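K.L.:
Okay, here's the prediction I keep looking at, along with the sequence it came from:
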Amino acid sequence: MVSYSVLDLLVYLLIYSFLGWVIEVCIAAIAERRFSNRGFFNLPLIISYGVIFDLLILVLPSAAGNYVIQFIITLVVISVVEAFAGMLVKRLSKGIIRRQEPDRMLSGNKKGFFLSAFFAAMYYLTYLVFHPILVGVVCMIPAFVSLIAVSVAGVMLLADFLTVFITVKGAHEIQKKQKDNVEKLGNRISETVWKRLKKAYPDSGITDEGEAESPVFAKGFCMDKMVWIFLVCALCGDLIETVFCRFTMGRWMSRSSVLYGPFSIVWGLGAALLTVVLQRLAGKQDRHVFAAGFVIGGVYEYMCSVFTELVFGTVFWDYSKIPFNINGRTNILYCFFWGVIAVIWIKIVYPPLSSAIERTPPIAGKVITWLAILFMVCNGLLTTIVMMRYSGRQEGIEAKNAVEQLIDMQYNDELVENRWPNMIRKDKTRQ
């Protein structure tokens, strides 16, 4: 597969974010006959475009030559990223910024599916025709120039985000002062940003949702709710897989994704993913939810396989010997299971689980949530370091500093292989 550095990915993120902004501005100009900055940021960037293309350029090479699979991956990636982007804008703005939900694949109607297929075709065509040329151009840029450009853009994006966020948070005060002569520079900047947001999102306005905080913990779709969903499903997923292996293989086997605790990251992230992207299908018939879960779950499992190879150089599952597999990363049977799980989750499990989470006392819920986040972040970072050192030891790379020496002593090969018994180095499987 093609190898991209972190700096390369950041450069492509900025380039495609800018190109996406240009496209949306042009479309708005034609449709509305006026210029409108369509992004959430003041800068000429729409980050969702950059995120989509970064994901595509990382994953699509693994299915090189299989145009159908590549197109399906593209379709799912843009649908999922659009859903997450919409949720983030809504949560960050507390519902003040309201934009019309476009008809897309996850809307559950034919028009939405065909529109998503059309946009997926445009993205895919860009990947096939334009991206190779862009790679050649980026390769000619000196690394230090790219680093400076990315650093400056990063600082500007952070400042821009804070400006927009503070403006939206203080939208009530801005509206009160609109008739007054504002002298402070900060107020002038906030009013300018607010006018731009109102122009880009005409339906934006102050609502009851933006005026008062709800006393209910983790109400609706929010970070707190998703953290709890992740933890509960990561725990349950690990236990289910452990019991399944016991009955099918006749022995107990660790199925955890991290060093400490029975947590399966794939199950946890998968549950959070299905919750966010399938919420609009909750009122639809079961077949719509099943079809979305079938496709999205399969692509999600495929992408998890690709990323573990790219990051750790190891393979945690290989379905090459199972009929109807897709590059050994997923298969039709497991896609069917994803569809069934999606229906059970959205229709049966999630509603009562969501209600149970919201009954948690607010202060206790917040404390537990942030303690869990701290634990899982540290757990994940340590797991990543241990896995990278394991791969390094297999290649004969000696520890270069005290941290690597400590990792080698505390987490030797035997411990790693017992923790992840199905793990195989990439060079021993797929090339």
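P.N.:
Happy to help now that I have it. Remember, it's a predicted structure, so these values are computed and weren't measured experimentally.
K.L.:
can you pull the contacts of the closest residue to Val216 other than its chain neighbours?
P.N.:
Sequence neighbours aside, Glu358 is the residue nearest to Val216 in space, at 5.3 Å (criterion: CB to CB, 6 or more residues apart in numbering). (Each C-beta comes from the backbone N, C-alpha and C, glycine too.) Going by CB atoms under 8 Å, 6 or more residues apart in numbering, Glu358 touches Val216, Phe217, Ala218, Lys219, Lys225.
K.L.:
In ChimeraX, how would I select just the buried ones from the residues you listed?
P.N.:
Selection of buried members from these for ChimeraX, criterion 16 or more other CB atoms under 10 Å:
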select :217,218,225
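K.L.:
Identify, from the contacts of Glu358, the entry nearest to Cys139.
P.N.:
Distance ranking of the contacts of Glu358 against Cys139, using CB to CB, places Lys225 first at 43.0 Å.
K.L.:
Ile332 versus the closest one, what's the distance?
P.N.:
When distance is defined by CB to CB, to the nearest Å, Lys225 is 32 Å away from Ile332.
K.L.:
Just the ones of the contacts of Glu358 in helices?
P.N.:
With helices taken from DSSP state H, the overlap with those comprises Lys225.
K.L.:
Columns distance to Trp21 and pLDDT on top of the contacts of Glu358, output as TSV?
P.N.:
Putting the contacts of Glu358 into TSV (distance: CB to CB, whole Å; pLDDT from 0 to 100) gives the following:
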residue	distance to Trp21	pLDDT
Val216	36	78
Phe217	37	83
Ala218	33	79
Lys219	32	81
Lys225	31	89
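K.L.:
Just the closest of the contacts of Glu358 to Arg33, please.
P.N.:
Lys219 (40.2 Å).
K.L.:
and that closest one, what does it touch?
P.N.:
Lys225, Glu358.
K.L.:
List phi and psi for it.
P.N.:
Phi and psi for Lys219, reported as degrees, to the nearest 10, are phi -70, psi 130.
K.L.:
ok, it to Asp8 distance?
P.N.:
Plainly put, Lys219 is 40 Å away from Asp8 if you go by CB to CB.
K.L.:
for Pro361, same thing?
P.N.:
To Asp8, Pro361 is 46 Å away according to CB to CB.
K.L.:
Neighbour count: these two, which is higher?
P.N.:
Asp8 (19 against 10; other CB atoms under 10 Å).
K.L.:
CA atoms only for the strand or helix carrying Glu404, dumped as PDB, please.
P.N.:
Using DSSP states H and E, the element containing Glu404 is helix 402-410. The C-alpha coordinates for helix 402-410 follow below in PDB (Å, rounded to 0.1, in the frame of the first residue of the first chain):
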ATOM      1  CA  ALA A 402      15.000   4.500  28.600                       C
ATOM      2  CA  VAL A 403      11.300   4.500  27.700                       C
ATOM      3  CA  GLU A 404      11.800   1.700  25.100                       C
ATOM      4  CA  GLN A 405      14.000  -0.200  27.500                       C
ATOM      5  CA  LEU A 406      11.300  -0.100  30.100                       C
ATOM      6  CA  ILE A 407       8.700  -1.200  27.600                       C
ATOM      7  CA  ASP A 408      10.800  -4.100  26.500                       C
ATOM      8  CA  MET A 409      11.400  -5.200  30.100                       C
ATOM      9  CA  GLN A 410       7.800  -4.700  31.300                       C
END
